[in-house]
Structures are given as structure tokens and as C-alpha cells.
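# Have a look at this prediction, sequence included:
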Amino acid sequence: MNLNRYPSAPRRSWTSRLYETEHDLQQMQALLREARSRTDDWHYWHVGELLFAFFMVARHLNPHEHIRLWHDHEGKLIGYAILAEDPFFDCQVLPEYEWSGIETEAMAWAEMLVTELRQRDPQRWEGNLVSGVRQDNAKRIAFLEQHGFRDRGDFTEVNMLRSLDEPIPEAILPPGCQVRAVVGMDEISNRAAIQREVWHPWTVGNVSDDDYAYFMQLPGYHRDLDVVAVAPDGVIAAYVNGWVDPVNQIGDFGPVGALPAYRRQGLTRAVLLEGLRRMRAHGMNRVCISTGASNTPALSLYESIGFRIVNKYLDYAQTEYENHHDESQS
């Protein structure tokens, strides 16, 4: 790819390359932890959001093609970009390098890659390029709009936060059910099955047993934070993945789910409460969770255990992609 064919902001002292090894993933996590420590809880992704996005790219696509990195002259990671399925674009840059040209290079890379992918497999990549932004990030909103993105208006997530200084109530479980962490490799098939059933047909549900075994080996995955509710017959009926950021002492929940046959029995509430206790044991002082603004049952549940809405995440789509792409080559 020749990024020079696209206009960009004046270049500073950095280099760019595609993803190579797991060390890169660890550095991407470190970037997010450092950036959050210097801004706030919502300007950057939580490391948990990154890890699940990476997992989807690693199992369905190819991180060596779909993740790009930017380093300063000393080799420190200062920015990264991901192009995932749907197609979805995200870019995260350290505060001192924001809006100095990396985002522009990242967008050019993503647009070019999407063009190539549409030529290879038009049906899989025919949708508009999408991205996201929190409602209070005016500069990112302006950047997306300058590149032909518009708020789709059909999906908004609410970002919720709960302090771990508040008491965590005990859960009431149906007879014969138990809440615990995933046992280990012997339980992979059971764990992957609920992920598939809860989220089918969405991409997040496209997880095989082998995929989940890979997921459990990722740096940043903690098996004790993969909390499940098990029915008397041994079926995993509800679950939550927990993620921790020890630098900023903030945990994150997601994904969360329960099998349809076991909903409204208190099992999702039980895994979340147990997850909160385990987050506190990991040294977290607050936990975040997100859900669709129209997902009334989830909102009611999260609010009932102490979460409060503090921000919103908006979906943007590049509805003017073709025009923008043509102009960028003129």
C-alpha cells in the first residue's frame, strides 16, 4: 500500500508498520492504560474492549493485515488502528500525538484496505465503513465527519459506571445453580456454546471451541474473571467476561449473556455481582459496562446493581465513502 497517495497532516517523527507479534498486542494494551491515566475513563478504549476486538480479528481475519501500528523514533508505540469485520474502523493515539497526522494516515490505510477487500469479496465487505465515538469527543466527531461519516442514529450505547466502594449485595440463585469461574480447558465446549447461542447471528457469536481456547490464552484474559452461572444439569446458563486495568484501577464487563431458557431467573445478576467482588479482589475501585440505549432489560438490571449512565457511544457510518475516496485520489 502506498499511503503517500493520500493527503495527510504534516508528518512528525514516527514510523508505521503492520502488526507482527503478541508483543505488539501487549504494547497496545500499555498504550491504552497510559492514555487513560492522562485523560479520563472514556476518551480511550478499555483494554478489555481492545482484547475482544483483537480476538475477533485474530480468529476471523488476520491481525498482520488488519492492524497497523505507529511508533516514535525511540520505538515506543504511539498509535494503532484496527479494521475489523462489518467493516469497522478504530484508531487510538497517545494524547500528545492526537490530530498530528496519525489518524489521517490510519483512515487512509483503512479506506485503501476496504477497497481491496471489496474487490476480493464484495459480498462480505459491501457495507459502509463504520466507526464509533463517544458523545463528548468533539474532535473525533469532527474528524469522522470530515471523512464522510455521519451518525447513523439507529444505534447508541450507554456507558455505565459503578463504584466498588459501595456494598455488593448477595445474589439469590435458583435451587441447584452455582456461580463460579470457568473451570478451564475441560469446559471450553460448554463455554463457547453459550457465546454462540446468545449472540447468533452477530459476529461476536461466531466462536468455535478452538477459538475460545485461543481466547483464553490471550495476554489480559483472567480465567477467574470469566464468571459463569451453571444450571443443575451442568449447562452454562449465564456468563460475563471481566477485564482489569490495574494502572487506572478500572474494570470492564463484556460480553454479558444468558441462554433464553434461563433468563429472568437472576442468573445474569448473579454473575455480575460475583464479577464485581472479583474485580474488587483484583484491586479495582470502579467498573464500567455498556449496552444499547434501547436495551431496557439490560439497563434495568445494571441500574439495579448500582451502575449509572455517565456517557454515550455513537455509531457513525461513512455514507459518503465513494465521493470521499474519489476526491482523495484527484
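Structure received.

# could you show me where the strands are in this structure, in order?
14-18, 67-72, 77-84, 88-93, 130-134, 150-163, 178-181, 226-230, 236-245, 250-258, 286-292, 308-317 (DSSP state E).

# So which of these is nearest residue 37?
Distances from residue 37 to each of these were compared using Cβ to Cβ; the minimum, 9.1 Å, belongs to strand 236-245. Yep, even glycine has a C-beta here, placed from its N, CA and C like the rest.

# The closest one to strand 286-292, inter-axis angle?
With axes from the mean of the first three to the mean of the last three Cα atoms, to 10 degrees as the basis, strand 236-245 and strand 286-292 are set at 130 degrees to each other.

# So which bits of strand 236-245 are buried?
Neighbour counts using 16 or more other Cβ atoms under 10 Å place 236-245 of strand 236-245 among the buried residues.

# And stretch 37-51, by the same measure?
Result for stretch 37-51 [16+ other Cβ under 10 Å]: buried residues 41-51.

# Can I get that stretch in PDB? Just the C-alpha atoms.
Coordinates of each C-alpha in stretch 37-51 appear next as PDB, following Å, rounded to 0.1, in the frame of the first residue of the first chain:
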ATOM      1  CA  SER A  37      -4.200   7.700  33.100                       C
ATOM      2  CA  ARG A  38      -3.600  11.000  31.400                       C
ATOM      3  CA  THR A  39      -7.200  11.700  30.200                       C
ATOM      4  CA  ASP A  40     -10.300  10.100  31.600                       C
ATOM      5  CA  ASP A  41     -12.300   6.900  31.700                       C
ATOM      6  CA  TRP A  42     -14.000   7.400  28.300                       C
ATOM      7  CA  HIS A  43     -11.600   9.100  25.900                       C
ATOM      8  CA  TYR A  44      -9.900   5.700  25.100                       C
ATOM      9  CA  TRP A  45     -11.000   2.100  24.900                       C
ATOM     10  CA  HIS A  46     -10.700  -0.100  28.000                       C
ATOM     11  CA  VAL A  47      -8.100  -2.800  27.500                       C
ATOM     12  CA  GLY A  48     -11.000  -5.300  27.600                       C
ATOM     13  CA  GLU A  49     -12.600  -3.700  24.600                       C
ATOM     14  CA  LEU A  50      -9.300  -4.000  22.700                       C
ATOM     15  CA  LEU A  51      -8.800  -7.600  23.700                       C
END
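
# Among the buried residues of stretch 37-51, pick out the one closest to residue 33, please.
Minimum separation from residue 33 among the buried residues of stretch 37-51 (Cβ to Cβ) is found for residue 47, which lies at 6.5 Å.

# Please convert the buried residues of stretch 37-51 to TSV, extending it with pLDDT and distance to residue 93.
Putting those into TSV (pLDDT from 0 to 100; distance: Cβ to Cβ, whole Å) gives the following:
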residue	pLDDT	distance to residue 93
41	94	18
42	94	16
43	96	11
44	97	9
45	97	12
46	98	16
47	98	16
48	97	19
49	97	16
50	98	14
51	97	19
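
# Which of those residues fall in helices?
Using DSSP state H, the members of the buried residues of stretch 37-51 that fall in helices are 47-51.

# separation between residue 141 and residue 109?
Residue 141 sits 21 Å away from residue 109 when distances are taken as Cβ to Cβ, to the nearest Å.

# Between those two, point out the one with more neighbours.
With neighbours defined as other Cβ atoms under 10 Å, residue 141 and residue 109 compare such that residue 109 has more, 20 against 17.

# got a list of what the residue lying closest to the more buried one once chain neighbours are set aside touches?
Leaving aside its chain neighbours, residue 109 sits nearest to residue 68 (5.4 Å; criterion: Cβ to Cβ, 6 or more residues apart in numbering). Residues in contact with residue 68, defined by Cβ atoms under 8 Å, 6 or more residues apart in numbering, are 16-19, 80-81, 106, 109.

# okay, now residue 13: neighbour count?
Here the count is done by other Cβ under 10 Å, and residue 13 has 9 residues near it.

# correct me, but it touches residue 73?
Yes. Counting by Cβ atoms under 8 Å, residue 13 sits close enough to residue 73 to count as a contact (4.6 Å).

# per the record, what domains does this protein have?
By the assignment in automatic domain parsing, the chain contains the domains 3-127, 166-284.

# How far does the first one sit from its chain's centre?
Going back to what we said before, that points to domain 3-127. 13 Å (Cα atoms, centre = their mean, to the nearest Å).
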